[in-house]
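Student: please work out how this folds:
(one chain, ligands or ions: 1)
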Amino acid sequence: MTILRIDSSITGDASVSRQLTAAIIAQLQAQDPTAQVIARDLVASPLSHLTLGGSGDADVLDEFLAADTIVVGAPMYNFTVPSQLKAWIDRVLIAGKTFKYGADGPVGLVGGKRVIVALSRGGFYEDNSAFEHAKSYLQAAFGFSGITSEFVTADGIAVGPEQREAGIAQGLAEVERLAA
Ligand SMILES: Cc1cc2nc3c(=O)[nH]c(=O)nc-3n(C[C@H](O)[C@H](O)[C@H](O)COP(=O)(O)O)c2cc1C
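Tutor: Numbers count the residues shown, from 1 in each chain. The predicted model follows:
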């Protein structure tokens, strides 16, 4: 199994989403010790915005296509994902490669993959909140490719120290409950 780990938090060692992606990777490796892990840190090595001339980083799509499982660290920034992560989505959500438009509408082309998102948010959000564009966006983006994404969520991280600890504990408990 090939696992692709994507991190996008700017807060380094203090990052909750990075703590969760690390825990998910450890869990997956415990289940399959032969798994190969490829890590892409979108803060250490940012991708550029799209341009008409092409970005020259086709390797990002190849890496995604080659992975069986993708673990995505997604902090909420200003109600949605960091622009670093959006730039990565722009490289992997591509008509003709990961989805196509058929006679009956869009068709996902990479439905065999597993995507696990480690979502960390400062506050608390109902899924249908008008301010929630991180989980909903990632669900829609991966869904367009045919993938039903799974979420491990740590909420209330910016509310205070106790809520932060509770949010991290909640996220780590959800990692424990991830299906093999
Ligand atoms: C630039 C920035 C913007 C943020 N915007 C929001 C926001 O819109 N809503 C929210 O609930 N939390 C927001 N937060 C708080 C983060 O979602 C929270 O601290 C989360 O844990 C960040 O993930 P990390 O710990 O992996 O860095 C923001 C944090 C930063 C640094």
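Student: which ones are touching residue 85?
Tutor: Residue 85 makes contacts with 6, 8, 42, 72, 74, as judged by C-beta atoms under 8 Å, 6 or more residues apart in numbering. Any C-beta I mention is one placed from the backbone N, CA and C, and that applies to glycine too.
Student: what of residue 99?
Tutor: By C-beta under 8 Å, 6+ apart, the neighbours of residue 99 are 93, 106, 107, 108, 109, 144, 145, 146.
Student: among the contacts of residue 85, which are located in helices?
Tutor: Among the contacts of residue 85, DSSP state H puts none in helices.
Student: could I get the residues you listed as TSV with distance to the ligand and pLDDT?
Tutor: Shown next, in TSV, are the contacts of residue 85 (distance: C-beta to the nearest ligand atom, whole Å; pLDDT from 0 to 100):
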residue	distance to the ligand	pLDDT
6	12	99
8	8	98
42	12	98
72	12	99
74	8	99
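Student: quick check, central residue of this protein?
Tutor: Centre of the chain computed as the mean C-alpha position; nearest residue by C-alpha atoms, centre = their mean is residue 72, 2.5 Å away.
Student: beta-bridge partners for that one, please?
Tutor: Counting by DSSP bridges, residue 72 is bridged to residue 6, residue 117.
Student: surely residue 94 is in contact with residue 64?
Tutor: No - Residue 94 lies out of contact with residue 64 (C-beta atoms under 8 Å); the separation is 9.6 Å.
Student: quick one: which of these two has more around it?
Tutor: It is residue 64, of residue 94 and residue 64, that has more neighbours when counted by other C-beta atoms under 10 Å, with 24 against 14.
Student: OK, contacts around the more buried one?
Tutor: Contacts of residue 64 by C-beta under 8 Å, 6+ apart are 4, 70, 91, 92, 98, 110.
Student: perfect, that will be all.
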